[in-house]
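A.B. asks: From the sequence below, what's the structure:
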Amino acid sequence: MAPGRLHARGRRVDYWPGFVDALSTLLLAIMFLLSVFVLAQFLLSQEISGKDTVLNRLNNQLNELTELLALEKSGKQDLEDQLKSLSSSLNISRNEQSRLQALLERGSGAATAAEERATELSGTLDEERKISRRALGQVQLLNQQLSALRKQIATLEDALDASEVKDRESATKIAALGRRLNLALAQRVQELNRFRSDFFGRLREILGNREDIRVVGDRFVFQSEVLFGSGDANLNEAGLEEMTKLAKALIELGREIPGEIDWVLRVDGHTDDVQLSGRGRFRDNWELSSGRATSVVKYLISQGVPARRLVAAGFGEFQPLDPTDTQEARDRNRRIELKLTEK
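C.D. replies: Numbering: from 1, shown residues only. Next up is the predicted model:
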């Protein structure tokens with residue numbers, strides 16, 4: 001019984017490896033069966049050596065193997081289904097591989113573009129580095145120029161400080177000179193005032209105490225009627241006489257005044273506010289007042305008074321002594337004023 005079963009089971013074992021070869025997907029089962037077969041051979045060798053217990057155990061294992069084979073038959077359909085599923089997965093994997101290959105090719109193109117862009121950026125970077133080096137050179141040059149400028153500024157500040165010191169010294173000297181000059185001017189003014197007082201005193205002595213010849217402030221005033229006829233600029237007989245006395249007094253005074261006092265006698269002509277008709281020699285009061293002052297000056301020059309010591313000015317009716325609208329005011333405003341002053 002045992003050999004027959006062994007033969008039958010051996011044929012089944014031979015059939016099973018062929019069946020497994022046809023179904024490549026049952027590789028695991030084949031390996032498992034081979035392992036069992038090897039184990040069975042081992043057990044048989046043990047059995048030959050007379051170990052019954054091993055033979056019984058082998059029989060038990062064979063029974064288990066038979067059961068396993070039945071289980072494998074029942075799972076054949078599952079394995080075929082798994083094979084179809086694996087085939088489908090294989091197709092999906094191949095499609096994915098194709099897609100990945102395409103992506104790889106596109107990635108290769110993108111890598112090429114990236115390399116070109118990198119090359120372009122590298123060139124730009126090199127250019128920027130050159131520009132940076134030039135800029136650094138310019139900055140260094142500017143720093144050098146700035147340093148030189150600071151030195152010049154320091155030199156100028158030193159010069160300015162020295163100049164300010166000199167200015168302060170000069171200002172002190174100028175202030176001292178100013179005080180001395182003001183003092184000298186004040187002394188000259190006082191001296192000229194003294195000569196003016198002497199001059200006016202002599203004129204009073206020469207001309208006498210007349211109401212139409214008077215002193216007003218620092219001026220000696222002649223009423224126009226004393227010297228001129230109405231609307232005329234030529235000295236009348238009385239005017240010539242008075243101006244002759246005036247010339248004599250001026251010549252005597254000129255000998256006494258020190259040469260450093262640059263004095264002049266200013267002759268100012270004034271009129272009233274009555275307008276001229278315009279049919280005579282003078283068109284208006286400006287010309288009349290100027291003409292009268294000029295006549296006095298020219299006569300004094302003819303009597304020996306130096307011309308550089310005389311000034312003629314006409315004021316018309318615009319510097320009245322009395323601005324009221326009366327005949328008495330007009331009479332006062334028609335006048336010749338003499339003022340001894342400095343140039």
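
A.B. asks: any idea how far Ile153 is from the residue nearest to the spatial centre of the chain?
C.D. replies: Geometric centre of the chain, nearest residue: Leu146, 18.3 Å, by Cα atoms, centre = their mean. Separation of Leu146 from Ile153 (Cβ to Cβ, to the nearest Å): 10 Å. C-beta coordinates here come from the backbone N, C-alpha and C atoms, glycine included.

A.B. asks: which strands and helices sit next to the strand or helix carrying Gln144?
C.D. replies: Assigned by DSSP states H and E, Gln144 belongs to helix 76-207. In terms of contacts (3 or more Cβ pairs under 8 Å, 6 or more residues apart in numbering; DSSP states H and E), helix 76-207 is packed against strand 213-216, strand 219-223, helix 237-256, strand 335-342.

A.B. asks: any chance of the ones you listed in CSV, with distance to Gly291 too?
C.D. replies: Below are these laid out as CSV (distance: least, Cβ to Cβ, whole Å):
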stretch, distance to Gly291
strand 213-216, 21
strand 219-223, 15
helix 237-256, 13
strand 335-342, 11
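
A.B. asks: of all those, which lies closest to Leu125?
C.D. replies: Closest to Leu125 of the helices and strands packed on helix 76-207, according to Cβ to Cβ: strand 335-342, at 86.0 Å.

A.B. asks: Adjacent strands (with direction) for that closest one?
C.D. replies: strand 219-223 (antiparallel), strand 263-270 (antiparallel) (DSSP bridges).

A.B. asks: any idea which helix or strand comes after the shortest one?
C.D. replies: Read it as strand 219-223. According to DSSP H and E, the helix or strand after strand 219-223 is helix 224-227.

A.B. asks: thinking again about what came up before, taking the mean pLDDT, what do you get for the helix holding Gln144?
C.D. replies: Mean pLDDT, helix 76-207: 78.

A.B. asks: how far does that helix sit from the chain's center?
C.D. replies: Chain-centre distance of helix 76-207: 11 Å, with Cα atoms, centre = their mean, to the nearest Å.

A.B. asks: can you give me the angle it makes with strand 263-270?
C.D. replies: Comparing the axes of helix 76-207 and strand 263-270 via axes from the mean of the first three to the mean of the last three Cα atoms, to 10 degrees yields an angle of 90 degrees.

A.B. asks: in a strand, that's where Gly316 is, yeah?
C.D. replies: No: Gly316 is assigned coil when assessed by DSSP: H, G, I helix; E, B strand; the rest coil, not a strand.

A.B. asks: List the residues that contact Arg219.
C.D. replies: Asp268, Glu337, Leu338, Lys339 (Cβ atoms under 8 Å, 6 or more residues apart in numbering).

A.B. asks: typo on my end, Asn95
C.D. replies: Counting by Cβ under 8 Å, 6+ apart, Asn95 has no contacts.

A.B. asks: how near is it to Glu64?
C.D. replies: Counting by Cβ to Cβ, the gap from Asn95 to Glu64 is 44 Å.

A.B. asks: Likewise for Leu33?
C.D. replies: 12 Å.

A.B. asks: picking that back up, what's the least confident stretch among the strands paired with strand 335-342?
C.D. replies: With a mean of 92, strand 219-223 has the lowest mean pLDDT of the strands paired with strand 335-342.

A.B. asks: I'd like the distance from that one to the chain centre, please.
C.D. replies: Worked out by Cα atoms, centre = their mean, strand 219-223 lies 67 Å from the chain centre.

A.B. asks: try stretch 290-304
C.D. replies: 67 Å.

A.B. asks: For it, give the mean pLDDT please.
C.D. replies: Here the average pLDDT along stretch 290-304 is 97.

A.B. asks: List the buried residues in that stretch.
C.D. replies: Applying a neighbour-count criterion of 16 or more other Cβ atoms under 10 Å, the buried positions in stretch 290-304 are Ser290, Gly291, Arg292, Ala293, Thr294, Ser295, Val296, Val297, Tyr299, Leu300, Gln303.

A.B. asks: now do stretch 253-273
C.D. replies: Judged by neighbour count (16+ other Cβ under 10 Å), stretch 253-273 contains these buried residues: Leu253, Gly254, Ile257, Trp263, Leu265, Arg266, Val267, Asp268, Gly269, His270, Thr271, Asp272.

A.B. asks: Lovely, talk soon.
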